[in-house]
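Visitor: Here you go, sequence then predicted model.
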Amino acid sequence: MSDFTGIVIRSTGSWYAVKTNNEIINCRLRRKFKIKGIKTTNPIAVGDIVKFISDGKNGYITAIEDRKNCIIRKATNLSKQTHIVAANLDLAILVVTLAYPRTSTGFIDRFLSSAEAYDVETALVWNKIDIYDARLFELTTKYAKIYSNVGYQCFMVSAKTSENIEQIKTLLKDKKTLMFGHSGVGKSELINAIHPELKLKTKEISLYHKKGKHATTFAEMFDLPFGGSIIDTPGIKEFGLVDFNVEELSHWFPEMKKVLSNCKFYNCTHIHEPQCAVRKAVENGEISEERYYNYLSILNNVEEQPAGWE
Ligand code: GDP
Ligand code: ZN
């Protein structure tokens, strides 16, 4: 038995595929191995750096290195189970679309605020532009303007026709990137357009309805031929935020964070307080109304949690 360090590239419940020196070793957790302070369904996620012992065939994970950042979610807002989607990321790409299945800005803002909270840089990619009509183009352009004003890089692509895919390749080069988004927005198709040799299976959308809630599959990391790696996350239906304090939330909306020190009250929630700099910025048009409403609806969900919710 010898000691190794590697990166988790796939996890399927009790087994973890760990890559070290271009070799992949299947590891399990030591039976008594527990990680302090983490309450998740998966103590170890794709992207984690782990220490393990191995006889050359299989291994046992003995330690996990501190995470630089992570994406962590609940299956729904009311769910108690939290799940670490991936760790130690240089970038997350949120793949969205205004074609089917249309992504709501509510979903986008829940993801973005959580990525801010856990320190993951995010870019937005609108996919399927090959089937947008003039109205959808106009709407996407409007959203891209809102989000790029806040500081997020925005792209409009078609995985099907490869339009603007070069821009995404440039973005991904030499980074460890998470591809996230609803099932059906075209993540697999996009990864195939970026790296055709992978030949990921794309799914006809009608299948999603048949599969219902049981379409849980596992995240997986792939190396890119031009440098960097990409983590695919199939089967995502919802993005529930992990617990936070009401006063914290506006710190994760960068455009609100910029002005909130001018609010009269240091713990202003920007809902009803007098002399609120955030609400003033919304009235002036410096903060988008849509983002502000999504902020309110996230807060609302928090307040609606039943008693005993932790
Ligand atoms: P995933 O669940 O996010 O991985 O989505 P898939 O990559 O499996 O794609 C879901 C469906 O959308 C498939 O039928 C794809 O062929 C289709 N699709 C993906 N990207 C595009 C695109 O750019 N344009 C069009 N028209 N369809 C796309
Ligand atoms: Zn305020």
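Guide: Nice, thanks for sending it over. Ligands and ions are numbered 1, 2, ... in the order given.
Visitor: give the contact list for the residue found closest to residue 117 once you drop the neighbours it is linked to in the chain.
Guide: For residue 117, ignoring the flanking residues on the chain, the nearest one in space by Cβ to Cβ, 6 or more residues apart in numbering is residue 252 at 4.9 Å. C-betas here are computed from N, CA, C, even on glycine. Shown in contact with residue 252 (Cβ atoms under 8 Å, 6 or more residues apart in numbering): 112-114, 116-117.
Visitor: which ones among these are found in helices?
Guide: 112-114, 116-117 (DSSP state H).
Visitor: for those residues, which one is nearest ligand 1?
Guide: When those are compared for distance to ligand 1 (Cβ to the nearest ligand atom), residue 112 wins out at 18.2 Å.
Visitor: Is the closest one in contact with residue 94, as I believe?
Guide: Yes - counting by Cβ atoms under 8 Å, residue 94 is a contact partner of residue 112 at 7.3 Å.
Visitor: shared neighbours of these two, anything?
Guide: The contact sets of residue 112 and residue 94 overlap at residue 122 (Cβ under 8 Å, 6+ apart).
Visitor: thinking again about what came up before, what is the most widely separated pair among the ones in helices among the contacts of residue 252?
Guide: By the measure Cβ to Cβ, 112 and 117 form the most distant pair in those, at 9.8 Å.
Visitor: Have a look at the two and say which one is more surrounded.
Guide: For residue 112 versus residue 117, neighbours defined as other Cβ atoms under 10 Å are more numerous around residue 112 (25 against 17).
Visitor: nearest residue to the more buried one other than its sequence neighbours?
Guide: residue 122 (5.8 Å).
Visitor: Would you mind confirming that that neighbour makes contact with residue 95?
Guide: No - at 11.1 Å, residue 122 and residue 95 do not qualify as touching, with contact defined as Cβ under 8 Å.
Visitor: For residue 25, which residues are in contact?
Guide: Listed by Cβ under 8 Å, 6+ apart, the contact set of residue 25 reads 4, 6, 17-18, 52, 54, 57-59.
Visitor: nearest spatial neighbour of it, skipping sequence neighbours?
Guide: residue 59 (4.7 Å).
Visitor: hey, C-alpha coordinates of the one helix or strand the one you found maps to in PDB?
Guide: Assigned by DSSP states H and E, residue 59 belongs to strand 58-64. Extracted in PDB, the C-alpha atoms of strand 58-64 (Å, rounded to 0.1, in the frame of the first residue of the first chain):
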ATOM      1  CA  ASN A  58      -8.400  -0.100  -5.900                       C
ATOM      2  CA  GLY A  59      -7.900   2.500  -3.200                       C
ATOM      3  CA  TYR A  60      -9.200   4.000   0.000                       C
ATOM      4  CA  ILE A  61      -9.600   7.800   0.400                       C
ATOM      5  CA  THR A  62      -8.000   8.900   3.600                       C
ATOM      6  CA  ALA A  63      -8.200  12.700   3.500                       C
ATOM      7  CA  ILE A  64      -9.600  15.600   1.500                       C
END
